[in-house]
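Asks: I need the structure of the sequence given here:
(4 chains)
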Protein chains: 2
Amino acid sequence: MNHETIKIACSDCNMRELCMPVGLTDDELDRIDGIIGSRRKIKRGERVFHNGDRFTNLYAIRTGFFKTCITSEDGRDQVTGFQMAGEIIGLDGIVHDQHTCDAVALEDGEICAMPFAQIENLSREVNALQHHVHKIMSREIVREHGVMLLLGSMRAEERLAAFLLNLAQRLHARGFSQSELVLRMTREEIGSFLGLKLETISRTFSKFVDDGIVEVKQRHVHILNTDALQDIVNPK
Amino acid sequence: MNHETIKIACSDCNMRELCMPVGLTDDELDRIDGIIGSRRKIKRGERVFHNGDRFTNLYAIRTGFFKTCITSEDGRDQVTGFQMAGEIIGLDGIVHDQHTCDAVALEDGEICAMPFAQIENLSREVNALQHHVHKIMSREIVREHGVMLLLGSMRAEERLAAFLLNLAQRLHARGFSQSELVLRMTREEIGSFLGLKLETISRTFSKFVDDGIVEVKQRHVHILNTDALQDIVNPK
DNA sequence: CGGGACGTTGACGGTCGTCAAAATTAGTGG
DNA sequence: CCACTAATTTTGACGACCGTCAACGTCCCG
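Replies: Next comes the predicted model:
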């Protein structure tokens, strides 16, 4: 193991409001700090975990941008999500003590490894932590319902519009601009997530530009008309 | 409330291996019995819960066949899953104390309501229950990853073949035939789940019949060639 | 027996995938 | 810093797949 690891505390982490339950006592917070095993730097392209890896940790993203993807037997690939600071990855591994997807860094970043056995131990004593873990898993289930709606019933323009609005909203919640965003993934990865081919992503971007809804320079996207995007997602 | 409710015990339930962790002591099993609030009969078409309902219970299906579906603002509908005996529904409600989908019975059945607050209480003391709850949620996340792969990358024939194999396998695990199944849902509901229109479902069934892979009489499906279905899902 | 829900089939068109080529950018090593 | 190669993106032409619309058939239940 040549990963750089640093001992760190949630209490110092500016992502705490995103990862952690609110209203903890100092004592509870200290105890949660104790289960954060290590902070690990991840380089672009590096995998946090891989399909088939033994499951031991959940990972909280401190910085950076990640994707999770599954590969079917015959080599089909599906991006199941893009994750950013404050989000938790690895929940797929619990059921069979083994990860069923890959988590890959799309840019350099840092993650906190949290041994799941310790999370279970501590959540028996800290009710807020227990409920928080349940909420995180439930949130992921609800998020995936939304993706199923997108994949099952939306057309290409609707999918891309929904995708851009979702990204912008999540970045905004982290203090970034609501209208300026930098895509950390390729057109192919967007396409894989949205169930479309990269050419369709490219064409749809071009159409949005023609319609004056966004400006696109490479991976820099400037949303000029949020309402128009919203109307595309939810045609009245 | 005019729902018929019956006090019931997990220890008597023949679905126990499916709902419950294994290796519990008698004492632990008794305590889990204690949180099963009521057994409720559900008629075909009746809703177990509805989008917007306050979340208080998870529900274990004892008998019957159910669907869960979400509706978007503009009225789009997406079936997010079909559930049968031994499966748990309601996990979507945890994150916001409110259900975000509908659960509807596709045939008469019985469910066990399990107050989630009591599940949390007891799982602080019974480790096997705690871990079981985590596994159930993780299993649902992994299942949805599979649906995303299906919706994102498969063609109509592949989707329907995967759907039939999945149903047959789950029914087989419950002691039913591996090759004979009765669909409890309409073509439209299958289509909604698979991201296809009902006409496409009907046409694809017809094609499978022409190819000698299945026999279809209404909702009765006889799988004649499982390998052929498998080859459709996973073309080599 | 009649009405309504459900299912099947056909014709046609639109959306998006496929294939190909060119343009632009990023990455690498000299 | 520059040259060169690989990776990514854009755009076009064409066709396949599936959606839409319509008509008809079947089953179920009162």
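Asks: Looks to me like A:Met148 is in a strand.
Replies: No. Using DSSP: H, G, I helix; E, B strand; the rest coil, the assignment for A:Met148 is helix, not a strand.
Asks: what's the neighbour count on A:Val116?
Replies: Check again: residue A:116 is Phe, not Val. Neighbours of A:Phe116 under the rule other CB atoms under 10 Å in any protein chain shown: 21. The C-beta positions use only the backbone N, C-alpha and C, and glycine is treated the same way.
Asks: Let me know whether the helix or strand A:Leu167 falls within sits next to DNA strand C.
Replies: If you go by DSSP states H and E, A:Leu167 is part of helix A:156-173. Yes. Using CB under 7 Å from any atom of the strand, helix A:156-173 reaches DNA strand C at A:Ala156, A:Glu157.
Asks: From the contact counts, what lies against that helix?
Replies: Counting contacts by 3 or more CB pairs under 8 Å, 6 or more residues apart in numbering or on different chains; DSSP states H and E, helix A:156-173 packs against strand A:77-84, helix A:127-153, strand A:180-182, helix A:187-194, helix A:198-210, strand A:220-223, helix A:226-233.
Asks: Of all these, which one comes closest to B:Val233?
Replies: strand A:77-84 (14.1 Å; CB to CB).
Asks: Next, the angle helix A:127-153 makes with the closest one.
Replies: In terms of direction (axes from the mean of the first three to the mean of the last three CA atoms, to 10 degrees), strand A:77-84 departs from helix A:127-153 by 140 degrees.
Asks: got the residues of chain A near DNA strand D?
Replies: Residues of chain A that fall close to DNA strand D, judged by CB under 7 Å from any atom of the strand: A:186-188, A:198-199, A:201-203, A:205-206, A:216, A:218-219.
Asks: how about 10 Å then?
Replies: Within chain A, the positions near DNA strand D by CB under 10 Å from any atom of the strand are A:45, A:152-153, A:155, A:183-191, A:197-207, A:209-210, A:216-219, A:221.
Asks: Outline the domain layout of chain A.
Replies: A:5-150, A:155-233 (automatic domain parsing).
Asks: before we move on, back to that, PyMOL command for the buried members of the residues of chain A next to DNA strand D?
Replies: Buried residues within the residues of chain A next to DNA strand D, as defined by 16 or more other CB atoms under 10 Å in any protein chain shown, are selected in PyMOL through the command that follows:
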select buried, chain A and resi 152+153+183+184+185+187+188+189+190+191+200+201+204+205+221
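Asks: What about DNA strand C: which of the residues of chain A next to DNA strand D touch it?
Replies: A:45, A:155, A:191, A:197-204, A:207, A:217-219.
Asks: Of the residues you listed, which pair is most distant in space?
Replies: Pairwise distances across those peak at 32.3 Å for A:Gly45 and A:Arg155 (criterion: CB to CB).
Asks: where does the nearest residue to A:Ile42 once chain neighbours are set aside land on pLDDT?
Replies: Spatially, and ignoring its direct neighbours in sequence, A:Ile42 is nearest to A:Ala105 (4.4 Å; CB to CB, 6 or more residues apart in numbering or on different chains). At A:Ala105, the pLDDT value in this model is 95.
Asks: got it, and A:Arg76?
Replies: On the pLDDT scale, A:Arg76 gets 88.
Asks: Now it: closest residue in space that isn't a chain neighbour?
Replies: Closest to A:Arg76 by CB to CB, 6+ apart is B:Ser153, at 4.8 Å.
Asks: hang on, isn't that neighbour packed against A:Gly75?
Replies: No. Between B:Ser153 and A:Gly75 there is no contact under CB atoms under 8 Å: 10.3 Å.
Asks: Excluding chain neighbours, what is closest to A:Pro235?
Replies: Take A:Pro235 and drop its neighbours on the chain: the residue closest to it by CB to CB, 6+ apart is B:Asp74, 6.1 Å away.
Asks: Give me the number of neighbouring residues for that neighbour.
Replies: B:Asp74 has 10 nearby residues by other CB under 10 Å.
Asks: would it count as being in a strand?
Replies: No. With three-state DSSP as the criterion, B:Asp74 is coil rather than part of a strand.
Asks: do you know how far it is from A:Ile232?
Replies: B:Asp74 is 11 Å from A:Ile232, where distance means CB to CB, to the nearest Å.
Asks: Could you give the average pLDDT over the helix or strand where A:Gly34 lies?
Replies: Taking DSSP H and E as the definition, A:Gly34 sits inside helix A:26-35. Helix A:26-35 carries an average pLDDT of 81.
Asks: Buried residues in that helix, which are they?
Replies: A:Glu28, A:Leu29, A:Arg31, A:Ile32, A:Ile35.
Asks: Same question for stretch A:135-142.
Replies: A:Ile136, A:Met137, A:Ser138, A:Arg139, A:Glu140, A:Ile141, A:Val142.
Asks: Close to DNA strand C: what parts of chain A are there?
Replies: Within chain A, the positions lying close to DNA strand C (CB under 10 Å from any atom of the strand) are A:44-45, A:107, A:154-160, A:191, A:194-204, A:207, A:217-220.
Asks: contact partners of stretch A:112-131?
Replies: Defining contact as CB atoms under 8 Å, 6 or more residues apart in numbering or on different chains, one finds that stretch A:112-131 is touched by A:8, A:10, A:13, A:21, A:23-24, A:28, A:31-32, A:34-40, A:55-60, A:62, A:90, A:93-94, A:132-133, B:120, B:123-125, B:127, B:130-131, B:134.
Asks: Buried ones among these?
Replies: Among those, those classed as buried by 16+ other CB under 10 Å are A:8, A:10, A:13, A:21, A:24, A:28, A:31-32, A:35-40, A:55-60, A:62, A:90, A:93-94, A:132-133, B:120, B:123, B:130-131, B:134.
Asks: which stretches of chain A aren't confidently modelled?
Replies: For chain A, applying pLDDT under 70 flags the ranges A:1-9, A:12, A:14-15, A:17-18, A:37.
Asks: sorry, back to before: how about CSV for the buried residues of helix A:26-35, with distance to A:Val147 added?
Replies: Compiled in CSV, these are given as follows (distance: CB to CB, whole Å):
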residue, distance to A:Val147
A:Glu28, 34
A:Leu29, 33
A:Arg31, 35
A:Ile32, 30
A:Ile35, 30
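Asks: quick one on the thing from earlier: in PDB, list the C-alpha atoms belonging to the helix or strand following the helix holding A:Gly34.
Replies: Following helix A:26-35 in sequence order, the next helix or strand is strand A:38-42 (DSSP H and E). Taking C-alpha atoms only, strand A:38-42 is exported to PDB below (Å, rounded to 0.1, in the frame of the first residue of the first chain):
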ATOM      1  CA  SER A  38      -7.800   7.300   7.300                       C
ATOM      2  CA  ARG A  39      -7.900  10.100   4.700                       C
ATOM      3  CA  ARG A  40      -6.600   8.900   1.400                       C
ATOM      4  CA  LYS A  41      -5.600  10.900  -1.700                       C
ATOM      5  CA  ILE A  42      -6.900   9.500  -4.900                       C
END
